[in-house]
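In: Fold the following.
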Amino acid sequence: MPGQMCWLPVLGAGEEKVLHLRNYPNEPWKPYTACSSYFVSDYTMPQGSKGWATYQRLIKNGWTIVPNAQAYSLQKSAELELKV
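Out: Next up, the predicted model:
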């Protein structure tokens, strides 16, 4: 089953968003750079989106994009399940 992708902010990076990935909905989101088996080097463009090359590869392989609001609610649900 292909995974999920979302553009989320990185701690300490202000408003900048980077691609985050996870294989299953109950997993936490990880920055694309922490996923070596899926990572594709970024394009060398000033002000380019971090993770755009990885996004393009994964979307072609059937991965789905999750809207930010949904990603936050799914993450909170997963965290609650882990605590129970």
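
In: Going by neighbour count, list what's buried in stretch 38-57.
Out: Along stretch 38-57, the positions that meet the burial threshold by neighbour count (16 or more other C-beta atoms under 10 Å) are 38, 39, 42, 50, 51, 52, 53, 54, 55. The C-beta positions use only the backbone N, C-alpha and C, and glycine is treated the same way.

In: what helix or strand is the last one on?
Out: Secondary-structure element containing residue 55, defined by DSSP states H and E: helix 52-60.

In: Quick one: name whatever helix or strand follows that helix.
Out: Of the helices and strands lying after helix 52-60 in sequence (DSSP H and E), the nearest is strand 64-65.

In: Run me through the strand neighbours of that following strand, direction for each.
Out: The strands that strand 64-65 pairs with in its sheet are strand 4-9 (parallel) (by DSSP bridges).

In: Tell me which residue lies nearest the centroid of the chain.
Out: Within the chain, the residue whose C-alpha comes closest to the C-alpha centroid is residue 20; the distance, by C-alpha atoms, centre = their mean, is 1.6 Å.
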